[in-house]
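Trainee: Structure of the sequence below:
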Amino acid sequence: MIRLFELAGWILGGLPTLLVTAVARLAGKLAFELMGKVRRNTIANMSVVLGRPGTDPVVKALARESVAQYAEHSIDLLRFHQDSRSDLRRRVKSIEGWENVVVARKLKRGGIFVTAHFGNWDVAGATVAFDYPLTVIQETFSNPEANELLRRVRADKNVNAVQLGNAARPALRALRRNEYLGVVADRPTPGEGVEVSFFGRRTYVPAGTAKLAIRTGAPIVVGGAIRNPDQTYSAVAYPPIYTDGERSPNANVEGITQAVMSNIEAMIRRRPDQWYMFRPMWPKHLNPQNAVGRSASSPA
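Mentor: Take a look at the predicted model:
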């Protein structure tokens with residue numbers, strides 16, 4: 001698998017970028033039409049993001065574009081692997097809020113960098129790793145070769161990846177060394193975790209990030225990387241979320257998790273088409289059928 005991935009990257013490098021992008025987007029749009037479950041889930045999610053009914057053509061168009069953008073993201077992973085660290089640094093054209101990444105580390109308790117299935121989360125992590133050591137907790141797939149492939153791709157960008165399920169000790173060690181720990185936090189956990197408000201609806205998300213932050217005193221910084229039409233990136237980092245009562249009146253699992261999700265919501269509002277959530281995000285039993293989320297153009 002690793003050799004096939006490297007071969008695909010080599011082939012990609014020899015083809016015109018516009019052609020590769022066009023083919024990827026076409027494949028994504030075809031997948032949207034052919035994969036009924038993905039189509040229904042994405043439309044339902046974007047209905048909440050936009051605050052419009054699922055039958056609205058604008059909602060369907062945004063859902064289709066999200067799947068097309070994800071297809072571009074898949075190609076992006078090959079490009080990410082081929083880029084040197086200096087190439088990637090040049091492609092990150094702007095970083096809004098970098099001072100938040102810097103200041104969070106001054107407590108010398110490490111920092112937790114939280115992102116979402118948004119834009120390019122590998123580029124977001126690599127941007128932090130330009131200047132600070134970063135360990136990320138990566139999802140574990142059933143295919144060990146896929147896990148190893150992703151570990152190698154990330155290691156090339158100074159990112160140490162550890163598998164979900166075996167991450168507790170490496171995560172604590174990284175924070176104790178005053179390093180950053182990276183997590184993706186927008187995974188829905190129906191009936192488990194912490195209940196939060198997200199785009200005006202109630203849902204459940206994992207509690208682990210907040211619990212780890214409280215245990216270690218590490219501040220949390222939410223951030224991401226938006227892919228631009230010219231294949232460059234615009235990164236963003238939000239102000240730190242502190243976990244002690246002196247800095248934050250809501251220094252508990254629920255309050256911290258809500259603060260994290262509010263920042264993720266604000267980030268998604270910048271480019272909702274680059275939020276890749278193809279599973280149901282909001283449990284029906286928590287939300288009345290006639291509930292409507294806020295408009296994506298309204299302030300966060």
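Trainee: and the longest strand anywhere in the chain, average pLDDT?
Mentor: Ranked by residue count, the top strand of the chain under DSSP state E comes out as strand 220-227. Strand 220-227 shows a mean pLDDT of 98.
Trainee: What distance do you get for the most centrally placed residue in the chain to residue 188?
Mentor: Residue closest to the mean C-alpha point of the chain, counted by CA atoms, centre = their mean, is residue 116 at 2.1 Å. According to CB to CB, to the nearest Å, residue 116 and residue 188 sit 12 Å apart. Just so you know, the C-beta spots here come from the backbone N, C-alpha and C atoms, and that holds for glycine as well.
Trainee: Same check on residue 136?
Mentor: Residue 136 is 20 Å from residue 188, by CB to CB.
Trainee: Same check on residue 255?
Mentor: Per CB to CB, residue 255 is found 20 Å from residue 188.
Trainee: same thing with residue 108?
Mentor: The gap separating residue 108 from residue 188 is 34 Å, by CB to CB.
Trainee: These two: which is more packed in?
Mentor: Set residue 108 next to residue 188 and count neighbours by other CB atoms under 10 Å: residue 188 wins out with 18 against 10.
Trainee: Skip the chain neighbours and tell me the closest residue to that one.
Mentor: Leaving out its chain neighbours, the residue that sits closest to residue 188 by CB to CB, 6 or more residues apart in numbering is residue 281, at 5.2 Å.
Trainee: same question, residue 111
Mentor: residue 104 (4.3 Å).
Trainee: What count of nearby residues applies to that neighbour?
Mentor: Around residue 104 there are 24 residues (other CB under 10 Å).
Trainee: Same question for residue 49.
Mentor: Burial of residue 49 is recorded as 27 neighbouring residues (other CB under 10 Å).
Trainee: Verify the contact between it and residue 268 for me.
Mentor: Yes. At 7.0 Å, residue 49 and residue 268 qualify as touching, with contact defined as CB atoms under 8 Å.
Trainee: Overlap in contacts, the two.
Mentor: Common contacts of residue 49 and residue 268, defined by CB atoms under 8 Å, 6 or more residues apart in numbering, comprise residue 275.
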